[in-house]
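K.L.:
Just to be clear, the model below is a prediction. Sequence and coordinates:
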Amino acid sequence: MISTVIDQELGLEFPIFQGGMAWVADASLAAGVSNAGGLGIIAAMNSNGEQLRAEIRKCKQMTDKVFGVNIMLMSPFVEEVAKVVAEEKVKVVTTGAGNPGKYMKAWTESGIKVIPVVPSVALAKMAQRNGAFAVIAEGGESGGHVGELTTMALVPQVVDAVDIPVIAAGGIADGRQVAAAFMLGAVGIQVGTRFLVAEECTISQEYKNKIIKAKDIDTVVTGKRLGHPVRSIKNSFVREYQKCEYDRSSCDDETLEQMAAGKLRIAAREGDVSNGCVLAGQVASMVKKEQPAREIIEEMFVQAEEVLGGALKWVK
Ligand code: TUI
């Protein structure tokens, strides 16, 4: 049985986090994953303070297990959601798409375990200095907002650079990849794409089908021109966006920004997976069917243990 400081300190059955996916990770998914023995995480991304508070309270009704909240630092509501997580006594906060430094003192003082997502060694060290409980080293195989380094290159470098626990993310959808993450020195994993098709995940059936039908080379990174690279599944929205992104002369930055506005919501919530933005990681093509969260987690860890075999000592 794979058990590390992550499941032990957070009171989980398995050292696995569910990614805080914008417009996806609501109380239903978070409670589903927490009830299945992992750490469910509510995404604050698309919520203001009061909407987040309502989602947190709903999650408390749906599970008595620990769950977390992800704060996307580019959110227009970041200041209010940063207060709400402390007021609601959320146990774990993960952050993404920026440096959470200015919020960390208040969060750690209110007893929150803060676990920033970091795309580099420098940010990992900064998180440690600011009192982070652990860091999530996320490689660019992941869906959504991506860093430059791959999981294979990033995780061991972060492991060597900090003394706090490291959780690996990006490109993890089955037990072989879980095992690989532990071999790189991680003591936990975060999974996004595979949980998109959890039965407890409330996104549109069209979005789930798009993941299940994806092939290995179907994801692409757009948005580098505006400094917000995002990985999603190729579709007509992405092709239009790319045309505009590459043609600086006929398309200004503001037009580009407007093209993307609201596109994740229409894919995730309205099922428009042609004109919307279907965020997903490179492992989308490994995701074959809809399953309960517990089945997903158990499958991954059973396979990881088989693969690790005698190497389990390394995981401790
Ligand atoms: O945050 C994510 N994934 C996301 S956020 C999102 S919503 C969105 N993103 C971009 C544009 C528009 C909407 C969809 N998916 N993953 C965690 C993550 N964080 N990946 C990379 C980073 C990151 C990048 C830079 C973390 C810190 C960072 O710091 C830069 C700095 O401020 O020094």
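P.N.:
Alright, I've got the coordinates.
K.L.:
for the helix or strand that contains residue 28, packing partners?
P.N.:
Using DSSP states H and E, residue 28 sits in helix 27-35. Packing contacts for helix 27-35, counted by 3 or more CB pairs under 8 Å, 6 or more residues apart in numbering; DSSP states H and E, involve strand 16-18, strand 40-43, helix 49-62, strand 67-72, helix 293-308. C-beta coordinates here come from the backbone N, C-alpha and C atoms, glycine included.
K.L.:
chain center to the first one, what's the gap?
P.N.:
This points to strand 16-18. In terms of CA atoms, centre = their mean, to the nearest Å, the centre of strand 16-18 is set 8 Å apart from its chain centre.
K.L.:
Which of the helices and strands packed on helix 27-35 has the highest mean neighbour count?
P.N.:
strand 16-18 (a mean of 30; mean count of other CB atoms under 10 Å).
K.L.:
can I have the helix holding residue 28 written out in PDB, keeping just the CAs?
P.N.:
Output of helix 27-35 as PDB, limited to C-alpha atoms (Å, rounded to 0.1, in the frame of the first residue of the first chain):
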ATOM      1  CA  ALA A  27     -18.600  20.700  -4.900                       C
ATOM      2  CA  SER A  28     -19.800  17.500  -6.600                       C
ATOM      3  CA  LEU A  29     -16.500  16.500  -8.000                       C
ATOM      4  CA  ALA A  30     -14.500  17.600  -5.000                       C
ATOM      5  CA  ALA A  31     -16.800  15.700  -2.600                       C
ATOM      6  CA  GLY A  32     -16.700  12.700  -5.000                       C
ATOM      7  CA  VAL A  33     -12.900  12.600  -4.900                       C
ATOM      8  CA  SER A  34     -12.700  13.200  -1.200                       C
ATOM      9  CA  ASN A  35     -15.200  10.400  -0.500                       C
END
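K.L.:
Quick check: phi and psi on whichever residue of the stretch 51-200 of the chain sits closest to the ligand?
P.N.:
Of all residues in the stretch 51-200 of the chain, the one sitting closest to the ligand is residue 144 (2.2 Å; CB to the nearest ligand atom). Main-chain torsions, residue 144, degrees, to the nearest 10: phi 80, psi -150.
K.L.:
which residues pair with the nearest residue to it once chain neighbours are set aside across the strands?
P.N.:
In space, and not counting its chain neighbours, residue 144 is closest to residue 279: 4.7 Å by CB to CB, 6 or more residues apart in numbering. Beta-bridge pairing for residue 279 (DSSP bridges): residue 232.
K.L.:
Ok, residue 113 next?
P.N.:
Beta-bridge partners of residue 113, as defined by DSSP bridges: residue 92.
K.L.:
one step back: so in terms of bridging, what pairs with the residue of the stretch 51-200 of the chain closest to the ligand?
P.N.:
Beta-bridge pairing of residue 144 under DSSP bridges involves residue 231.
K.L.:
who touches it in this structure?
P.N.:
19, 21, 22, 96, 192, 230, 231, 279 (CB atoms under 8 Å, 6 or more residues apart in numbering).
K.L.:
Nearest residue to the fifth one in space, please, no chain neighbours.
P.N.:
So the one you mean is residue 192. Once flanking residues are discounted, residue 192 sits nearest to residue 19: 3.1 Å by CB to CB, 6+ apart.
K.L.:
go on, the fourth one?
P.N.:
Taking CB to CB, 6+ apart as the measure, residue 96 lies nearest to residue 117, with 4.6 Å between them; neighbours along the chain are not counted.
K.L.:
Any chance of CSV for the helices and strands packed on helix 27-35, columns mean pLDDT and distance to the ligand?
P.N.:
Formatted as CSV, the helices and strands packed on helix 27-35 follow (pLDDT from 0 to 100; distance: least, CB to the nearest ligand atom, whole Å):
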stretch, mean pLDDT, distance to the ligand
strand 16-18, 98, 12
strand 40-43, 98, 9
helix 49-62, 98, 15
strand 67-72, 98, 5
helix 293-308, 97, 20
